[in-house]
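Engineer: fold the following and give me the result.
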Amino acid sequence: MRILIVEDEIKLAASIKKGLEITGYAADMVHDSEDAISHGVDSDYDLILMDRMLPGGMNGVDVIKELRKNDVHTPILMLTAKGSIDDKISGLDGGADDYLVKPFSFDELLARIKALLRRPKTQIGTVLKIDNLELSPSNYDVRRDNQNIVLSSKEFSLLEYLMRHPNQVLAKDQIIAHVWNEDADILPNTVEVYIGYLRNKIDKPFKRQKPLIKTVRGFGYKLSNK
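Structural biologist: Sure thing, here's the model as predicted:
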């Protein structure tokens, strides 16, 4: 999952970015309203962390309103030192999905992020499941046929993205945009290599089960039990 951090305090933004990447997310950061709008409109993020007070002529609420006008429906968590009821109401009315007052603990931030990134309401519970493969985003647990599977953080992120889009063909560019940072040094075969890593862990050891990772030649990859 790829997150955009919009925060004018560079040290805070860098600290959040580092924490998110350690946790397994891909994260980019910008520091003013102009870059926030351009990144939010032009890139397909899974979630945006939005500071309320920003340089560049617009505050965070204005930026959110502009993003919503441009049909950006990405979940947005507003971060702010202003914690009055009126401030919260104006942020939520402006299009934010949640509101976190500074200073905050990283654990609380992470919990809010996970809540906003939960899978569609049509799916029950908090565990992603396809056939007998299960992934729990909250505790980084992956199992197939009740056997535990150990993944690296990037393998986990890639599998989570595939499992959040079951039976959908995902192009390499889409996968890179959601699993890697924009400044990551991605080689042409990086996605193919990590798909191979996943196959070695969730398909090949289960020879009596259907392979779940499918290559759609010329288009990309999908996770499917069909």
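
Engineer: please compute how far the helix or strand of the chain with the lowest mean pLDDT lies from its chain's middle.
Structural biologist: For the chain, scoring each helix and strand by mean pLDDT, DSSP states H and E identifies helix 85-93 as the least confident one, at a mean of 80. Once both centres are worked out by Cα atoms, centre = their mean, to the nearest Å, helix 85-93 turns out to sit 25 Å from its chain's centre.

Engineer: give me the distance between residue 88 and residue 61.
Structural biologist: In this structure, residue 88 and residue 61 are separated by 11 Å, where distance is defined by Cβ to Cβ, to the nearest Å. Where you see a C-beta, it was placed from the backbone N, CA and C, and this is true even at glycine.

Engineer: which one's more surrounded, those two?
Structural biologist: In terms of neighbours (other Cβ atoms under 10 Å), residue 61 is the more surrounded of residue 88 and residue 61; the figures are 21 against 17.

Engineer: quick check: phi and psi at the more buried one.
Structural biologist: Residue 61 has phi and psi values of phi -60, psi -40 when expressed as degrees, to the nearest 10.

Engineer: now do it against residue 196, distance only.
Structural biologist: Using Cβ to Cβ, residue 61 is found at 45 Å from residue 196.

Engineer: and if you look at residue 149?
Structural biologist: Residue 149 is 15 Å from residue 196, where distance means Cβ to Cβ.

Engineer: break this structure down into its domains, please.
Structural biologist: As assigned by automatic domain parsing, the chain contains the domains 2-116, 128-223.

Engineer: what's the span of the first one, first residue to last?
Structural biologist: Its start and end residues considered, domain 2-116 measures 13 Å (Cα to Cα, to the nearest Å).

Engineer: which stretches of the protein form helices?
Structural biologist: Secondary structure of the chain (DSSP state H): helices located at 10-23, 33-42, 60-69, 85-93, 106-116, 153-163, 172-179, 190-202.

Engineer: ok, back up a step: out of the domains of the chain, which is the most enclosed?
Structural biologist: Taking mean count of other Cβ atoms under 10 Å as the contact definition, the stretch among the domains of the chain with the greatest mean neighbour count is domain 2-116, which reaches a mean of 18.

Engineer: wait, residue 206 sits on residue 144?
Structural biologist: Yes - counting by Cβ atoms under 8 Å, residue 206 does reach residue 144; the two are 5.9 Å apart.

Engineer: of all the helices of the chain, which lies closest to residue 54?
Structural biologist: helix 33-42 (4.6 Å; Cβ to Cβ).

Engineer: and that closest one, what does it pack against?
Structural biologist: Judged by 3 or more Cβ pairs under 8 Å, 6 or more residues apart in numbering; DSSP states H and E, the packing partners of helix 33-42 are strand 2-6, strand 26-30, strand 47-51, helix 60-69.

Engineer: now that helix, how far from the chain's geometric center?
Structural biologist: Using Cα atoms, centre = their mean, we find the averaged C-alpha position of helix 33-42 to lie 17 Å away from the chain's own average C-alpha position.
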